[in-house]
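**Student:** Got a sequence here, can you model it:
(chains A and B)
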Amino acid sequence: AQKVTQAQTEISVVEKEDVTLDCVYETRDTTYYLFWYKQPPSGELVFLIRRNSFDEQNEISGRYSWNFQKSTSSFNFTITASQVVDSAVYFCALIRDKVIFGPGTSLSVIP
Amino acid sequence: DGGITQSPKYLFRKEGQNVTLSCEQNLNHDAMYWYRQDPGQGLRLIYYSQIVNDFQKGDIAEGYSVSREKKESFPLTVTSAQKNPTAFYLCASSKGGRGTNEKLFFGSGTQLSVL
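**Tutor:** The predicted structure follows:
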């Protein structure tokens, strides 16, 4: 069975703090893709990153970074020096023959 | 600008009524999807379409129907058979089909509530 777990339902941080959003996935497949999407209050999900199962290199994009570890089936997302505009719901997703979304983590960044 | 347009933003349904949610895309994508979002449950797939005049049931298709007469349009009808329709509905599209590594592009959603 394929499954994505985001154990943190809601997180609140004060602006400029670093925050890590956890994502743990389950799959028996060796080839799969992992995604992160951001859902701001406006409603639409916005693509952040895509990673295939054979590429365990960590990635950094500005204040965002991702840590992919196949050994622990995790694909965690870190925001450095958080800003109010980072307040949103963040979804981790696994794709093999279909897209499996995690339940999402609601992040509130307090000024 | 290319994108996905969903309308209306808010919709109210009376008991026993069918309602239709609109989704239009100008990204020239072949695949389109409808997701339902409930608080704390993530997104669940209702229907998807890989090509015009063809569509497949997703995980929670009961009480819903779709059509795909044009590449750009994928309307969703919530029928009276759907007993718990209150949710946020998101339409999406992708260049490749389901299961590919193509990212999804989303509309801004429709909040459906029951009167």
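
**Student:** interface residues of chain B facing chain A?
**Tutor:** B:4, B:40-45, B:88, B:90, B:92, B:98-101, B:103-109 (Cβ under 8 Å from any Cβ of the partner chain). To be clear about C-beta, it is placed using only N, CA and C from the backbone, and glycine gets the same treatment.

**Student:** Of these, grab the buried ones for PyMOL.
**Tutor:** For the buried members of the residues of chain B next to chain A, the matching PyMOL selection, counting by 16 or more other Cβ atoms under 10 Å in any protein chain shown, is:
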select buried, chain B and resi 4+42+43+44+45+88+90+92+98+103+104+105+106+107+108+109
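
**Student:** among the residues of chain B next to chain A, which are in strands?
**Tutor:** B:Ile4, B:Leu43, B:Arg44, B:Leu45, B:Phe88, B:Leu90, B:Ala92, B:Phe105, B:Phe106 (DSSP state E).

**Student:** Show me which helix or strand of chain A is least confident by mean pLDDT.
**Tutor:** Using mean pLDDT, DSSP states H and E, strand A:59-61 stands out as the lowest-scoring helix or strand of chain A, at a mean of 88.

**Student:** Give me the below-cutoff pLDDT ranges for chain B.
**Tutor:** Applying pLDDT under 70 to chain B flags residues B:1, B:98-99.

**Student:** Let me see the ranges of the strands in the chain.
**Tutor:** Since no chain was named, I'll use chain A. A:3-5, A:10-14, A:19-21, A:24-26, A:33-39, A:46-52, A:59-61, A:64-69, A:74-79, A:88-95, A:99-101, A:105-110.

**Student:** Wait, chain B was what I had in mind.
**Tutor:** B:4-7, B:10-13, B:19-25, B:31-37, B:43-51, B:54-57, B:64-66, B:76-78, B:87-94, B:105-106, B:110-114.

**Student:** between the third one and strand B:110-114, how big is the angle?
**Tutor:** Between the axis of strand B:19-25 and that of strand B:110-114 there is an angle of 180 degrees, by axes from the mean of the first three to the mean of the last three Cα atoms, to 10 degrees.

**Student:** Tell me the buried residues in strand B:19-25?
**Tutor:** Quick answer for strand B:19-25 (16+ other Cβ under 10 Å): B:Val19, B:Leu21, B:Ser22, B:Cys23, B:Glu24, B:Gln25.

**Student:** among the strands of chain A, where is the model least confident on average?
**Tutor:** Ranked by mean pLDDT, the strands of chain A end with strand A:59-61 at the bottom, a mean of 88.

**Student:** Can you give me every residue that contacts the residue nearest to B:Lys71 when sequence neighbours are not counted?
**Tutor:** In space, and not counting its chain neighbours, B:Lys71 is closest to B:Val52: 5.4 Å by Cβ to Cβ, 6 or more residues apart in numbering or on different chains. Residues near B:Val52 by Cβ atoms under 8 Å, 6 or more residues apart in numbering or on different chains: B:Arg68, B:Glu69, B:Lys70, B:Lys71.
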